[in-house]
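1. Please find the sequence and the predicted model below.
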Amino acid sequence: METMKNLTVACLKQVIKPRPKQSHKGNFGKILIIGGNKNMGGAVIMSASAAVHAGAGLVTCATDSSNFFALHARLPEAMVVDHSDFEALTQAIKQADTIVIGPGLGLDKLAKQILKITLTAVDPTTTLIIDGSAITLLAQQNEPLRPTCQVIYTPHQVEWARLSGLALTEQLPQANQSAQQKLAAHIVLKKYHTEIYHLNNTLSRLPIGGPYMATGGMGDTLTGIIAAFMGQFKTLAPADVLDAAVYLHSAVASDLSQSKYVVLPTDIIEHLQTFMAQFS
Ligand SMILES: NC(=O)C1=CN([C@@H]2O[C@H](COP(=O)(O)OP(=O)(O)OC[C@H]3O[C@@H](n4cnc5c(N)ncnc54)[C@H](O)[C@@H]3O)[C@@H](O)[C@H]2O)[C@@H](O)CC1
Ligand SMILES: Nc1ncnc2c1ncn2[C@@H]1O[C@H](COP(=O)(O)OP(=O)(O)O)[C@@H](O)[C@H]1O
Ligand SMILES: [Mg+2]
């Protein structure tokens, strides 16, 4: 088994570069965020806000229509699709190059239908980030659909236990890696010192971040940063881009924790642009 690489700030310098002058919004990712039921609209607002602030070119949210006003008030840069309009949802899935599914999606019948449509309609060239409720739903299925595109799962330890069948005490690198290989996807295993298992069989460990990040919505925020990075740094190696996104999320939190007892997801979102400017 490969050794685990400890990530450093070098992973950001390698990925965040000045933008080419001859460029436009279409070059920096067409992101679709699918999630946010009637009770968890905040999850999709945080994911979409993180994506916009981390540099995504175009962001659309497929969410419950009751979230539209709040989302627009908070983030006018985002477009919306009603996730119960399956035709519009399918169209949006086909137009995106990077998709997040799961933040605040919930586990009901509608959520299951949305997940099925997404896994069926997704284009092979798309990058699909599967988080939160979508991981739990997939773990409940006997023979889950596995899309043919590049997939990044972002489970916390309990979600990883559901998806991999490994109890928390069994979640050791070798066992995690064999579960990851069966899934044929990247895994971001979120915890104190998050571990990243890449499709190319390399492993990274995040040595920063801490309990000041333990607020609901922190993982939803990470999905938006990952989507923005995968959508905008397409010419670089996916493993490096994924590492940089995961590192950035905790690096901003770590900086802010110098003066804040807890760092909120919205604090991180607000500081992404300034933090990234150091590297361009
Ligand atoms: N404002 C919002 O709309 C929010 C929506 N959320 C959504 O709520 C849905 C359910 O997610 P949950 O994670 O709450 O529920 P889960 O049922 O997946 O997690 C169950 C519980 O596991 C425990 N746990 C143990 N070890 C953990 C670890 N290492 N990391 C995280 N939790 C650990 C936590 O107490 C957690 O509440 C997801 O779709 C998620 O995106 C949450 O992100 C919270 C905020
Ligand atoms: N004690 C901790 N140390 C380091 N990181 C933490 C800690 N607690 C939470 N986090 C980070 O916060 C995020 C939580 O993700 P998740 O549980 O999915 O949140 P949510 O679903 O509420 O958005 C992960 O990135 C995780 O690594
Ligand atoms: Mg989560």
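-> That came through, no problem. Ligands and ions are numbered 1, 2, ... in the order given.

2. okay, now L89: neighbour count?
-> Residues lying near L89 (other CB atoms under 10 Å) number 21. For glycine as for every other residue, the C-beta is placed from the backbone atoms N, C-alpha and C.

3. Buried residues in the host helix or strand of it, which are they?
-> Following DSSP states H and E, one finds L89 within helix 86-95. Residues of helix 86-95 classed as buried: L89, A92, I93 (neighbour count, 16 or more other CB atoms under 10 Å).

4. pLDDT weak spots in the stretch 1-150 of the chain?
-> Of all residues in the stretch 1-150 of the chain, none has pLDDT under 70.

5. Contact residues of it facing ligand 1?
-> Taking CB under 6 Å from any ligand atom as the criterion, the stretch 1-150 of the chain approaches ligand 1 at residues M40, G42, A43, G102, P103, G104, L105, G132, S133, T136.

6. which residue does the stretch 1-150 of the chain bring closest to ligand 3?
-> Per CB to the ion, G132 is where the stretch 1-150 of the chain lies closest to ligand 3, at 4.3 Å.

7. Please apply the same query to the chain.
-> Using CB to the ion, G219 is the residue of the chain that sits closest to ligand 3, at 3.2 Å.

8. Now do stretch 203-210: everything it contacts.
-> The contact list for stretch 203-210 (CB atoms under 8 Å, 6 or more residues apart in numbering) reads 1-8, 173, 177, 192-198, 239, 243, 246-247, 249-251, 253-254, 257.

9. Name the residues of that stretch that are buried.
-> Of the residues in stretch 203-210, L203, S204, R205, L206, I208, G209 count as buried by neighbour count, 16+ other CB under 10 Å.

10. which SSE is T8 in?
-> Assessed by DSSP H and E, T8 sits outside every helix and strand.

11. Just list the residues touching it, thanks.
-> Counting by CB under 8 Å, 6+ apart, T8 makes contact with P207.

12. Of the contacts of stretch 203-210, just the buried ones, ChimeraX syntax please.
-> Isolation of the buried members of those (16+ other CB under 10 Å) is achieved in ChimeraX through the command below:
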select :7,173,177,194,195,196,197,198,239,243,246,247,249,250,251,253,257
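
13. What number of residues are in the vicinity of F279?
-> Counted with other CB under 10 Å, F279 comes out at 15.

14. got the residues of the stretch 151-280 of the chain near ligand 3?
-> Counting by CB under 5 Å from the ion, the residues of the stretch 151-280 of the chain close to ligand 3 are G219.

15. for the stretch 151-280 of the chain, what spans make up the strands?
-> Assigned strands in the stretch 151-280 of the chain, in chain order: 186-189, 195-197, 203-205 (criterion: DSSP state E, counting those that start in this stretch).

16. Could you grab the helix/strand/coil label for the residue nearest to N39 when sequence neighbours are not counted?
-> Excluding the flanking residues, the one nearest N39 by CB to CB, 6 or more residues apart in numbering is G106, at 7.1 Å. Here G106 is coil, with the state taken from DSSP: H, G, I helix; E, B strand; the rest coil.

17. sorry, back to before: between the buried residues of stretch 203-210, which is closest to ligand 1?
-> For the buried residues of stretch 203-210, the minimum distance to ligand 1 (CB to the nearest ligand atom) is 11.9 Å, reached by G209.

18. and the closest one, how far is that from Q150?
-> Applying CB to CB, to the nearest Å, the value for G209 to Q150 is 25 Å.

19. likewise H156?
-> Taking CB to CB as the measure, H156 falls 21 Å from Q150.

20. What of M276?
-> For M276, the distance to Q150 equals 23 Å [CB to CB].

21. Could you do S250 as well?
-> 23 Å.

22. I'd like to know which elements the longest helix seen in the chain is packed against.
-> Using DSSP state H to assign secondary structure, the helix with the most residues in the chain is helix 238-256. Applying 3 or more CB pairs under 8 Å, 6 or more residues apart in numbering; DSSP states H and E, we find helix 238-256 packed against helix 10-15, strand 186-189, strand 195-197, strand 203-205, helix 218-232, helix 265-277.

23. how about those, which one is nearest P124?
-> Nearest to P124 among the helices and strands packed on helix 238-256 is helix 218-232 (15.0 Å), distances taken as CB to CB.

24. so does that closest one get close to ligand 2?
-> Yes: Helix 218-232 is in contact with ligand 2 by CB under 6 Å from any ligand atom, via M218, G219, D220, L222.
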